[in-house]
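Trainee: Got a predicted structure plus its sequence, pasted below:
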Amino acid sequence: MSKKFIPYANEADVLQIGALTIENRLDRITIDGDIDLTLDQKGLADARALHELLGAVVGKLEGEKDLPAKLPAPDVKKVANPFD
């Protein structure tokens, strides 16, 4: 990973690996897209970046005390359309 991505640290960081978009949140990491880990130098670089990212995520999760079994669903509220 070229940019320092600290899992669960903020609501702003976005990382791109291949066609994957990894979004940082305070309570989750969202991974969207796809990637081909090809048998070449590019595939190796992408695999290493994914390995580093997932290692950091696992390390953060393992270091947390009292992880819930599952996060509750987010509290979604409907708001009035400001353009009406």
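Mentor: Here it is on my side, so go on.
Trainee: Can you list the neighbours in contact with stretch 57-75?
Mentor: The contact list for stretch 57-75, computed with CB atoms under 8 Å, 6 or more residues apart in numbering, reads 7, 8, 27, 28, 29. Every C-beta, even on glycine, is put in place using the N, C-alpha and C of the backbone.
Trainee: who touches the first one in this structure?
Mentor: Applying CB under 8 Å, 6+ apart, one finds that residue 7 lies in contact with 24, 29, 53, 56, 57, 60.
Trainee: Now that we have those, which of them are buried?
Mentor: 24, 29, 53, 56, 57 (16 or more other CB atoms under 10 Å).
Trainee: what kind of secondary structure is residue 15 in?
Mentor: strand (DSSP: H, G, I helix; E, B strand; the rest coil).
Trainee: Which residue, other than its chain neighbours, is closest to it?
Mentor: Spatial nearest neighbour of residue 15, excluding adjacent residues (CB to CB, 6 or more residues apart in numbering): residue 22 at 4.3 Å.
Trainee: Would you agree the one you found falls within a helix?
Mentor: No. Applying three-state DSSP, one finds residue 22 to be strand, outside a helix.
Trainee: I'd guessed it sits against residue 49; true?
Mentor: No. If you go by CB atoms under 8 Å, residue 22 and residue 49 don't touch, sitting 9.7 Å apart.
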